[in-house]
Every structure is written in C-alpha cells, then in structure tokens.
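Visitor: Compute the structure for the input listed below.
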Amino acid sequence: CRSSSFCECIVADRKTFESIRQKVNDGSNSLLVKVHNVIMDEADNLPETPIVWALDDSGKRILGKSRTALRRLCDYSYAYRFTGDSVYLDKAIRTLDQVCSMPDWNGWHFLDIAEMAAASGIAYDWLYDVLPPEMKTRIEETLMSHAFLEAYDFNKAWFYDRHHNWNQVCNGGLVIAALATREASGVIAGNVIRNAVRSGHRYISKIYAPDGCYAEGPSYWTYGNGYQVLLNGGLDSALGDDLGLSRMKGFDRAGDYIFNSYGAGLKFFNYSDNASTGRPSMPLWYFASRFDKPYLLANEVKMLDAGSYRDGNCSILALLTPYIAGIDPEKTNAGGIRMYAAEGDNPIVIFRGEGTSPESDWFLGIKGGKASNNHGHADSGSFVFDSFGQRWVS
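Guide: You can find the predicted model right below:
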C-alpha cells in the first residue's frame with residue numbers, strides 16, 4: 001500500500017500545489033499566472049488523436065509518441081489537480097490506456113522508454129488518489145516490463161556510461177517513474193534509483209565541470225537539463241535530498257551558460273549541429289530558483305510574453321510550476337554577467353557588449369573543442385558576431 005505521506009509527492013506535494021493554486025487565484029505572481037494559463041489552454045485544446053505504436057520515418061524511434069504522451073499527461077494531471085474537473089482526469093486515463101496498451105516502448109531507442117516512463121510516472125503520482133485501481137495496476141506492470149526491466153539489458157541501457165543528454169534523459173525518466181511506483185515496484189525501483197544516482201556522480205559531472213558549459217550546445221541544453229531537473233527535483237521532493245546531484249562541479253553555472261548563449265534577436269550561438277533559432281530554455285526556472293539567480297529568466301519572460309511557450313517544446317512546463325511560484329517577477333530583469341567563459345570538452349567564451357541603445361548591443365561567441373564531441377558535427381572551433389539586431393558573421 002502507498003502511505004498518504006508519499007501520495008502526490010513528485011516535484012510538487014499537496015502543500016506546494018496549494019501554494020501554486022493560491023498564487024494563481026490571487027494573482028500575486030504574474031509569471032505563474034501566465035504559465036498556468038498556457039498549461040490550462042493546452043489541457044483544454046490539445047488534439048486527442050490516439051497514441052498508437054508506430055516507428056517514425058527514421059525506422060528507429062517512437063519518440064514522437066512518447067513526447068505526445070508526456071505533454072498530454074503533464075498538462076492533464078496539472079489541470080485536474082488544479083480544478084478537480086473530471087474532464088481532465090478522463091483525458092489522462094484515456095492517454096494512459098493507450099500507452100499501457102503498447103506491446104513495448106521500443107527499448108532499442110531508450111529515449112522513447114524514458115519519456116514514456118516519465119509521462120506515466122507523473123500521471124500515476126499526481127492522480128494517484130483518483131485513478132481506478134485497475135489502471136494503477138496496469139501502469140505498475142507496464143513500467144516494470146517496458147521500462148525498469150529493460151534497464152537491466154545493458155545492450156539497450158548503454159546510457160549509464162555516457163556523459164551526454166542520453167544519460168540525463170534516460171535516468172531522469174526512469175527515476176521519476178521509480179519514485180512514483182516505489183511501493184509497488186520494491187527493490188527493482190530502488191535499483192533503478194541507485195543506478196541513476198551512481199551514474200550521475202560518475203558521468204554527469206563531466207557535462208558541467210568545471211564551469212557549466214554544455215558541450216552539446218544550447219539546442220540540446222533544454223532537453224538534457226529538462227530531465228536533469230526532473231531527476232534532481234524528483235529526488236529532492238520525494239526523498240528530501242537530490243543526493244548531491246545539484247552540487248556537482250559547474251552545475252550552479254549551467255544556467256549562466258545558456259543565458260549567455262542568446263545573441264541578437266534571441267538567436268542561439270549555433271555551433272556544431274545547433275540551430276540558430278532560439279527557443280525557451282525552460283529548466284532555467286529551476287536554476288534561477290535553486291541558485292537564487294532570477295536574472296537568468298530575462299529571456300524566458302520575453303519568450304513567455306511573446307507566446308513562444310506555446311510552440312510544443314514545453315511539455316514539462318507543469319512540472320516547473322513549483323519553481324516558478326517562488327520567483328519574484330520584479331527581479332527577473334536585473335542584468336546578470338556580460339561575459340561568460342568556460343573550459344571543458346567544448347571551451348567557450350561569450351562577450352555581450354552595450355551599444356548606444358539596446359538595439360545596438362553586440363554579441364561575440366567563440367568556441368574551441370573537439371570535432372568528435374557528441375553532436376559536434378566536426379566543429380572543432382567556430383564563432384558568431386551580432387550587432388544592431390543582426391547576425392553579421394557565422
């Protein structure tokens with residue numbers, strides 16, 4: 001049986017969620033209200049096309065199906081917890097039925113498993129009191145067969161020994177599900193959590209050390225760090241501590257790296273195979289809260305106001321509301337550093353200069369590194385220069 005002290009505890013327990021509800025209802029945190037409105041709009045309007053097992057055009061992945069499930073279940077679970085309206089519960093149960101009906105979650109591409117496990121684990125945890133008993137049993141059994149036992153096959157679970165986004169995403173998704181079902185999954189869930197934390201201390205530290213630079217670049221920063229935040233936040237909320245993962249060398253500067261990776265017009269410093277089109281870096285809400293750096297959110301606030309948080313890249317937004325609730329909106333435009341330098345696998349230096357007006361500010365990003373870095377695409381050194389709102393050199 002599941003004790004009430006563990007019920008609805010992943011990322012946001014009942015007390016935390018009640019605080020979120022109060023701040024939204026009284027309008028005391030304008031940023032939280034805007035995020036809440038995005039989530040609720042999605043919960044009301046996301047298409048409900050059935051999620052059916054099918055490989056994508058690459059012939060390798062069902063990752064799009066996993067991401068659809070994650071987005072729906074995060075939004076529906078949040079919306080039900082906030083309103084108590086059974087419409088959202090019914091939507092969540094239909095989605096859970098679809099993902100639990102799949103023959104497997106495509107273990108040969110473990111990201112597919114990880115995102116599906118995170119989706120199922122969050123819904124199981126946040127809706128635990130109201131899910132039908134047979135649905136809870138189905139989720140427990142599906143997670144065991146489609147996720148946890150697959151992680152014992154090291155031909156598939158090679159991510160344990162890597163220091164890039166696969167390690168973060170796969171361990172983060174597995175741990176969220178293991179924390180949610182740990183009473184039912186017993187020693188298996190315990191091993192999943194233990195293996196993830198051990199892997200994190202051995203390999204994830206290499207991602208951030210020594211100065212927080214993310215070697216795979218800004219486009220991958222949100223993906224990898226989104227699941228690192230779920231991993232750290234899940235452990236912290238369920239066990240009272242993230243077991244040292246947020247204290248890894250350089251982790252406290254990871255937010256400064258991505259904040260400074262935005263150039264003119266919020267374009268990314270697009271080295272390696274990264275796109276220049278900037279997009280929300282949602283984990284920054286966690287980094288700003290965890291390390292008391294509200295200035296990191298200046299670009300996020302701009303993108304939130306511009307509607308960029310509705311572009312489909314924000315599937316875990318509901319899980320960030322506890323951190324958003326603790327941010328003072330008045331402190332999110334407080335400047336921050338104007339030079340960022342980092343050593344590591346992909347050494348980088350970024351200068352952000354002030355012109356005679358905001359429109360004439362300039363940006364210079366330079367990187368070194370190795371052509372063989374993950375997602376490096378043979379880029380062993382490149383630079384960009386922006387000014388007057390334009391990218392002049394790439």
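Visitor: contacts for the lowest-mean-pLDDT helix or strand in the chain?
Guide: The least trusted helix or strand in the chain, going by mean pLDDT, DSSP states H and E, turns out to be helix 205-208, with a mean of 89. Residues from elsewhere that reach helix 205-208, judged by Cβ atoms under 8 Å, 6 or more residues apart in numbering: 163-164, 168, 214-215, 224, 248-251, 253-254, 345. For every residue, glycine as well, the C-beta is placed using N, CA and C.
Visitor: just checking, what packs against the helix or strand that contains residue 384?
Guide: For residue 384, the host element (DSSP states H and E) is strand 382-387. For strand 382-387, the packing partners by 3 or more Cβ pairs under 8 Å, 6 or more residues apart in numbering; DSSP states H and E come out as strand 362-367, strand 390-393.
Visitor: again, only using 6 Å
Guide: The contact analysis (3 or more Cβ pairs under 6 Å, 6 or more residues apart in numbering; DSSP states H and E) places strand 382-387 against strand 362-367.
Visitor: Please name the residues that touch the most centrally placed residue in the chain.
Guide: The centre of the chain sits closest to residue 226, judged by Cα atoms, centre = their mean, with a distance of 1.8 Å. Neighbouring residues of residue 226 by Cβ atoms under 6 Å, 6 or more residues apart in numbering: 283, 316.
Visitor: and it, which of the three is it?
Guide: Under DSSP: H, G, I helix; E, B strand; the rest coil, the three-state class of residue 226 is helix.
Visitor: Can I get the contacts of helix 205-208 in a markdown table including secondary structure?
Guide: As requested, the contacts of helix 205-208 are exported to a markdown table (three-state DSSP):
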| residue | secondary structure |
| --- | --- |
| 163 | coil |
| 164 | coil |
| 168 | helix |
| 214 | coil |
| 215 | coil |
| 224 | helix |
| 248 | coil |
| 249 | coil |
| 250 | coil |
| 251 | helix |
| 253 | helix |
| 254 | helix |
| 345 | coil |
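Visitor: For the residues you listed, which entry has the maximal number of neighbours?
Guide: Ranked by neighbour count (other Cβ atoms under 10 Å), those have residue 168 at the top, with 29 neighbours.
Visitor: pLDDT score for that one?
Guide: For residue 168, the pLDDT comes out at 97.
Visitor: how many neighbours does residue 53 have?
Guide: 14.
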